[in-house]
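S.K.: Got a predicted model here, sequence first, then my questions.
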Amino acid sequence: MFRRLAIGRVTTFVGNAIAPVALAFAVLDLTGSVVALGVVVGARSIANVALLLLGGVLADRLPRSVILQGASTAAAVSQALTAAAVLLGFASVPLLVVLSVVNGAVSAASLPAASALTPQTVPPGLVRQANALVRMGINTAVVTGASLGGMLAALASPGWAMAVAAGIFAVASLFYARVRAPEIDDDAPTRPWADLRAGWREFTARSWVWSVVAAMMVINAAVIGGMQVLGPSVADTTVGRLAWGFVLGAQTVGALVGGVLASRWQPRRALVFGTALVAVMALPLLTLAHAPQVVPLLAANFVGGFAVEQFGIAWDVALQENVPQDHLARVYSYDAAGSFVAIPIGEIAVGPLSHRFGTALTLSGLAVLVVLAVAGALCSPSLRALTRGDARPVP
């Protein structure tokens, strides 16, 4: 079961890595506007955040593998329609916004289900190793997907890159269809508001959870706004589209190496250690602002990916060790909703900010926000006190 789930998730992330690279260059080709690009990618993020909580409720009540299968099928359809619009010449910003909303909605349904399903497919003693293995596979997928997306956009066209992503999502759906795992509360009545309140109580009962999520809200908005909106625009005038795909891939190569380390060793206060290392994500933003050449960008993104992966594995293990299984998907959905809620603001705002203050100054300001957010999270006493293996209802 775990093998099929892992292959499905890895395949999904190959598609997820190709799609935004292709979409960014498609919008730039269509409009030449960073502001328009921010609107299109921001629409996807808004839909994703708006439906994440519902996705968590569904994943705690319905068969998680079925949710993943349906979400992958819907993603394949939306990407195929986007590819057709670009290739056949009838793409427009409003149409791309609508298709981005659909893609964001299906992603919201799949994320909590995928995260919560992993511990159901392995023995309890192998949860950390399973998370590390999945994340290493995902990071490999993102390396491959980002590089392939940049290559296809440069050598063929963004539309063909989207068509490839659509086929990959269809393959992922086939793997999810073969996952069989025991379901949680299979016969329990679904009461959306009561379920959401119960998930909220679990989420807020642990101050280390919401303090980290609050920090990630700021960090994600800054990093994604900088790298996914301003990044392609800078790349078009400096390193080029093909090189930009490899630059994005370098981050996940670093994460892959970091995952190997994290699977074999983590400090006793792994989450504190990982959270502190997230501050390194300021480095790619500063490099993009002040040294947008291939070698510095590759190095900065590699180091950033290595650092962030220490946090990612520690975070998954901390949640899975401390949150009851029948509430885990809902806590993941609150985690994702909180972490992602400001991303549309970052994506939409960076274009006008860069026009007003300049791209370099805007990227530098985003880097400062990353460091300040990490410092704020580390001020939480419960985060600093949390150690691996803690399984307390309230830290």
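M.R.: In hand now; what should we look at?
S.K.: how deep is A205 tucked in, by neighbour count?
M.R.: A205 has 15 neighbouring residues, counting by other C-beta atoms under 10 Å. Yep, even glycine has a C-beta here, placed from its N, CA and C like the rest.
S.K.: try A385
M.R.: By the criterion of other C-beta under 10 Å, A385 has 12 neighbours.
S.K.: And it, what's its pLDDT?
M.R.: For A385, the pLDDT comes out at 84.
S.K.: any idea how far it lies from A17?
M.R.: Per C-beta to C-beta, to the nearest Å, A385 is found 36 Å from A17.
S.K.: can you pull out the helices in the stretch 1-150 of the chain?
M.R.: Applying DSSP state H, counting those that start in this stretch to the stretch 1-150 of the chain gives helices spanning 2-31, 34-61, 64-88, 93-117, 127-155.
S.K.: right, I mislabeled it, should have said the stretch 151-300 of the chain
M.R.: Taking DSSP H, counting those that start in this stretch, the helices of the stretch 151-300 of the chain run over residues 158-176, 192-204, 207-224, 231-237, 241-264, 270-277, 282-290, 294-322.
S.K.: which regions of the stretch 51-200 of the chain lie under the pLDDT threshold?
M.R.: 60, 124-125, 127-128, 143, 181-192 (pLDDT under 70).
S.K.: Helix, strand, or coil at the closest residue to R268 other than its chain neighbours?
M.R.: In space, and not counting its chain neighbours, R268 is closest to T387: 5.0 Å by C-beta to C-beta, 6 or more residues apart in numbering. Assigned with DSSP: H, G, I helix; E, B strand; the rest coil, T387 falls in the coil class.
S.K.: pretty sure T387 is touching F273, no?
M.R.: No. At 11.0 Å, T387 does not count as touching F273 under the criterion of C-beta atoms under 8 Å.
S.K.: ok, back up a step: adding mean neighbour count and distance to V303, write the helices of the stretch 1-150 of the chain out as a markdown table.
M.R.: Compiled in a markdown table, those are given as follows (neighbours: other C-beta atoms under 10 Å; distance: least, C-beta to C-beta, whole Å):
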| stretch | mean neighbour count | distance to V303 |
| --- | --- | --- |
| helix 2-31 | 23 | 19 |
| helix 34-61 | 24 | 25 |
| helix 64-88 | 22 | 31 |
| helix 93-117 | 23 | 26 |
| helix 127-155 | 22 | 14 |
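S.K.: re earlier: what number of residues are in the vicinity of the residue nearest to R268?
M.R.: Neighbour count for T387, taken as other C-beta under 10 Å: 13.
S.K.: With S211 instead?
M.R.: 19.
S.K.: Same check on the one 5 residues further on?
M.R.: A count of nearby residues for M216, using other C-beta under 10 Å, gives 24.
S.K.: and if you look at A276?
M.R.: A count of neighbours around A276, defined by other C-beta under 10 Å, yields 17.
S.K.: Between the helices of the stretch 1-150 of the chain, which one is closest to A214.
M.R.: helix 34-61 (14.6 Å; C-beta to C-beta).
S.K.: What is the closest one packed up against?
M.R.: helix 2-31, helix 64-88, helix 93-117, helix 192-204, helix 231-237, helix 325-340, helix 343-357 (3 or more C-beta pairs under 8 Å, 6 or more residues apart in numbering; DSSP states H and E).
S.K.: got the angle for the second one vs helix 158-176?
M.R.: For helix 64-88 against helix 158-176, the angle by axes from the mean of the first three to the mean of the last three C-alpha atoms, to 10 degrees is 160 degrees.
S.K.: tell me which strands and helices helix 64-88 is in contact with?
M.R.: So helix 64-88, by 3+ C-beta pairs under 8 Å, 6+ apart, packs with helix 2-31, helix 34-61, helix 93-117, helix 158-176.
S.K.: Out of the ones you listed, flag the one nearest W265.
M.R.: Across the helices and strands packed on helix 64-88, W265 has its closest neighbour in helix 2-31 (21.7 Å, C-beta to C-beta).
S.K.: my guess is L28 contacts T237, does it?
M.R.: No. The pair L28 / T237 is not scored as a contact, 10.9 Å apart, by C-beta under 8 Å.
S.K.: which residues touch stretch 27-36?
M.R.: 37, 40, 86, 91-93, 96, 158, 229-230, 232-233, 236, 350-352, 354-355 (C-beta atoms under 8 Å, 6 or more residues apart in numbering).
S.K.: Need the buried ones from those selected in ChimeraX.
M.R.: The buried residues among the contacts of stretch 27-36 can be selected in ChimeraX (16 or more other C-beta atoms under 10 Å) with this line:
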select :37,40,86,91,93,96,158,229,230,232,233,236,350,351,354
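S.K.: Excluding chain neighbours, what is closest to N16?
M.R.: Residue nearest to N16 in three dimensions, not counting chain neighbours: G145, with 6.9 Å by C-beta to C-beta, 6+ apart.
S.K.: go on, A50?
M.R.: Spatial nearest neighbour of A50, chain neighbours left out: A108 (7.5 Å); criterion: C-beta to C-beta, 6+ apart.
S.K.: Contact partners for the one you found?
M.R.: 47-52, 54-55, 336 are the contacts of A108 under C-beta under 8 Å, 6+ apart.
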